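**Student:** build me a model from this:
(2 chains)
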Amino acid sequence: MTLWRLEWARLIRTRRLLALFGAYLFFGLTGPFSARYLSDILSQISTPGVEIKLPDPVAADGIAQFISNASQIGLLVVVLVAASALALDARREMAIFLRTRVSGTHAIVLPAYTATTVVAATSLLAGALAAWYETAVLIGNLPVLRLLLGIGLGFLHLAFVVAVVAFVANLVRGVLATAGVTLVVLILMSLLANFGSLGRWLPSALSSAMAALVRDTEPGVFLPAAIVAVLATVALLFGAIWLGGRREV
Amino acid sequence: MIIESTALTKRYGRHTALDGVDLSIARGSTYGLVGPNGAGKTTLLAILAGLRRPTGGRLDIDARPGKVALLPDTPQFENWLTGREVVDLSRNLVAPHLPATRVDEVLHEAGLSDAAGRAVGGYSRGMLQRLGIAATVVGEPEVLLLDEPASALDPAGRREVLSLIAGLRGRATVLMSSHILGDVQEVCDTIGIMRTGRVLFQGTLQSLLAGRTKPAYLVRLRGDAGPVAEKLRAQTWVTGVDVQPPGQLRIIVDDLDLAEQHLAGVLANSALPVISMTPEAADLEAVFLELTS
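**Tutor:** Below is the predicted model:
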């Protein structure tokens, strides 16, 4: 048993992997479906005599519907799963077990970060592929290259989010505190995105890149956010390792 | 000395957890660190394990990197790992060069061979403690720091854990903190007594006990011991008598030889049945209370 295997075992045996895959797959399957039949669904539940008319769905709506759910509920699941893996000092006894057996905090943080990020990204991929397939069947074809680029930018966003969790986990103790502070940071970032052109530079812009790209938004729009996300991810991981090394247990 | 500290200090804001601790632990010894709650034992162990940084003073540990192991008072592991996986993870982290058979070896020593394949979420407290010891010794540490290793266990669990610790003698230097003095007296050859962040005494158990208690006899009588106490107080070799109901007397004497000659006679003349009569043995508890109160 190594720390890498420990993290995989954590994801599999505690069903966290199932939760991540389940969340993204669910939204991947239901997003295009609800986009296609939203008009019919609303007609069924509306007051008799009231007619609701929506424009005919286009292929991009299937992905937009998937992303709008995945970027909220999906991200919440990612944050909770990441917090449970990265809040290594949440239980002092477990922290002592690991910390007294490794040469530095990086040996604990990096496997937990990598495993969580890979599984989160794979879940996003699975959800996106499901949404792609269902959109193609129910609504129409999507621009493949743009969709793939959007998925790649989604990976970057998830890598950034998990890095935020890793950093916060070494600032506060406890899984809930870590998840809570991370969510506050992400919400603040979404609010800041409304101020002028700042939003272009914030990694949160990447969360909806997939939906925007399949709607003909130019890929270059997301370049600043992608650069910031990469740099911030690296900085946050270094920060997490540095803070973790300084923390007393 | 494998561990030596000089004026080791640890402060948390205005609270001083360790106040100039001078510690000397000989290689191969089993050192018992005793003290009331809040004495600084856990802080000291955490500093020795590298989990906390001292505020001041000097600390020298003559052990190779990764060869100082700490076992917390209530070890916990991921509930979904098996006992074997916990010990194997520990082996992989601290001594990957050791063969995997070493894992089963230490699990067997800890009496956990049958439970090795079970998830640790189903282990009892005693089993977790033994698993903790197995996961600690698997890497063949030079220094083993045990924080209250038996304090949370039932008598049977305590016995098992103390036997395991006693079995480590000669294989590693053991520093064990406890507030159960009997445990320390049973397995340790050297003792350090702490109070409010200071080491009040350190040395062998014999040197701690030597000359610290007054010569005294403990007598139990059937019936009212009051009149007998009066008779004893009239004896020239008796310096004091404490009456402790029911029928117990603690007789402090200035000369044990005279007491041996005359005490039985005085008791015989009292006409009360004598249940027991024994010289008071110096024990760690009495000395501990004397030093820490």
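
**Student:** check which residues of the longest helix along chain A are buried.
**Tutor:** Across chain A, the helix with the greatest residue count (assigned by DSSP state H) is helix A:106-138. Of all the residues in helix A:106-138, those buried under the rule 16 or more other Cβ atoms under 10 Å in any protein chain shown are A:106, A:108-113, A:115-128, A:130-132, A:134-135. Heads up, the C-betas are built off the backbone N, CA and C, glycines and all.

**Student:** tell me the residues of chain A that contact chain B?
**Tutor:** Counting by Cβ under 8 Å from any Cβ of the partner chain, chain A comes close to chain B at A:1-3, A:6, A:9-10, A:13-14, A:91-94, A:96-103, A:248-249.

**Student:** and these, which of them are buried?
**Tutor:** For the residues of chain A next to chain B, a neighbour count by 16+ other Cβ under 10 Å gives the buried set as A:1, A:3, A:6, A:9-10, A:14, A:91-94, A:96-101, A:249.

**Student:** these in helices, which ones?
**Tutor:** When DSSP H defines the helices, the subset of those inside them is A:3, A:6, A:9-10, A:92-94, A:96-99.

**Student:** closest to B:Tyr12 among those?
**Tutor:** Sorting those by how near they are to B:Tyr12, with Cβ to Cβ, puts A:Arg92 at the top with 15.7 Å.

**Student:** pLDDT value on the closest one, please?
**Tutor:** Per-residue confidence for A:Arg92 comes out at a pLDDT of 90.

**Student:** wouldn't it be in contact with A:Glu248 here?
**Tutor:** No - in this structure, A:Arg92 sits apart from A:Glu248 without contact. The criterion is Cβ atoms under 8 Å, and the distance is 10.9 Å.

**Student:** any low-confidence regions in the stretch 101-250 of chain B?
**Tutor:** Where the stretch 101-250 of chain B drops to pLDDT under 70, the residues are B:211-214.

**Student:** what residues does it have near chain A?
**Tutor:** Near chain A, the residues belonging to the stretch 101-250 of chain B are B:135, B:139 when assessed by Cβ under 8 Å from any Cβ.

**Student:** now the stretch 101-250 of chain B against chain A: closest residue?
**Tutor:** Using Cβ to the nearest Cβ, the point where the stretch 101-250 of chain B gets nearest to chain A is B:Ala135, with a distance of 7.2 Å.

**Student:** ramachandran angles for that residue?
**Tutor:** Its backbone dihedrals place B:Ala135 at phi -70, psi -20, with angles given as degrees, to the nearest 10.

**Student:** tell me the contacts of it?
**Tutor:** Applying Cβ atoms under 8 Å, 6 or more residues apart in numbering or on different chains to B:Ala135 gives the contacts A:97, B:75, B:77, B:86-87, B:89-90.

**Student:** which of those residues tops the neighbour count?
**Tutor:** Neighbour tally across those (other Cβ atoms under 10 Å in any protein chain shown): the maximum, 30 neighbours, falls on B:Val87.

**Student:** quick one: secondary structure of it?
**Tutor:** For B:Val87, the secondary structure call by DSSP: H, G, I helix; E, B strand; the rest coil comes out as helix.

**Student:** so what's the residue count around residue 187?
**Tutor:** Reading this off chain A. Residues contacting A:Ile187 under the criterion other Cβ under 10 Å number 11.

**Student:** the intended chain is chain B.
**Tutor:** Applying other Cβ under 10 Å, we find 24 other residues in the vicinity of B:Val187.

**Student:** could you measure from it over to B:Val174?
**Tutor:** Noted for B:Val187: a distance of 8 Å to B:Val174, by Cβ to Cβ, to the nearest Å.

**Student:** so what sits against both of the two?
**Tutor:** For the pair B:Val187 and B:Val174, residues contacting each of them under the criterion Cβ under 8 Å, 6+ apart are B:30, B:165.
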